[in-house]
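>>> One predicted model, sequence on top.
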Amino acid sequence: MSERRACRIIGADCKSMCYRSTPENDAALREKLRELVNQRCRFGYRRLHILLRREGVMVNR
């Protein structure tokens, strides 16, 4: 049975079956985040995200 036909039978998109994720090298982002956490240990992830965005680092949305 072909992949296309099997996907059609189960109702899945064929493109999702062929998707291969690519790992990102975010070592610089992790280092910057650790610096911010060490400076402001009481801040949560939302506030840290705002601080990163102010510095020009765009993560997710």
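Structure received. Numbering: from 1, shown residues only.

>>> Who are the packing partners of the longest helix seen in the chain?
For the chain, the longest helix by residue count, based on DSSP state H, is helix 27-39. In terms of contacts (3 or more Cβ pairs under 8 Å, 6 or more residues apart in numbering; DSSP states H and E), helix 27-39 is packed against helix 45-54. Just so you know, the C-beta spots here come from the backbone N, C-alpha and C atoms, and that holds for glycine as well.

>>> Residues in contact with the helix it packs on: which ones?
Among residues not part of helix 45-54, those counted as contacts by Cβ atoms under 8 Å, 6 or more residues apart in numbering are 29, 32, 33, 36, 37, 40, 43, 59.

>>> count of neighbours near the closest residue to the last one other than its chain neighbours?
Of all residues beyond its chain neighbours, the one nearest residue 59 is residue 52 (6.3 Å), with distances taken as Cβ to Cβ, 6 or more residues apart in numbering. For residue 52, the number of neighbouring residues by other Cβ atoms under 10 Å comes to 16.

>>> Roughly how far does residue 52 sit from residue 21?
Counting by Cβ to Cβ, to the nearest Å, the separation of residue 52 from residue 21 is 23 Å.

>>> Go ahead and name everything in contact with the helix or strand bottoming out on mean pLDDT in the chain.
Ranking every helix and strand in the chain by mean pLDDT, DSSP states H and E puts helix 14-18 at the bottom, with a mean of 80. Defining contact as Cβ under 8 Å, 6+ apart, one finds that helix 14-18 is touched by 3, 4, 7.

>>> With pLDDT and secondary structure as added columns, please give those in JSON lines.
Putting the contacts of helix 14-18 into JSON lines (pLDDT from 0 to 100; DSSP: H, G, I helix; E, B strand; the rest coil) gives the following:
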{"residue": "3", "pLDDT": "83", "secondary structure": "helix"}
{"residue": "4", "pLDDT": "85", "secondary structure": "helix"}
{"residue": "7", "pLDDT": "86", "secondary structure": "helix"}
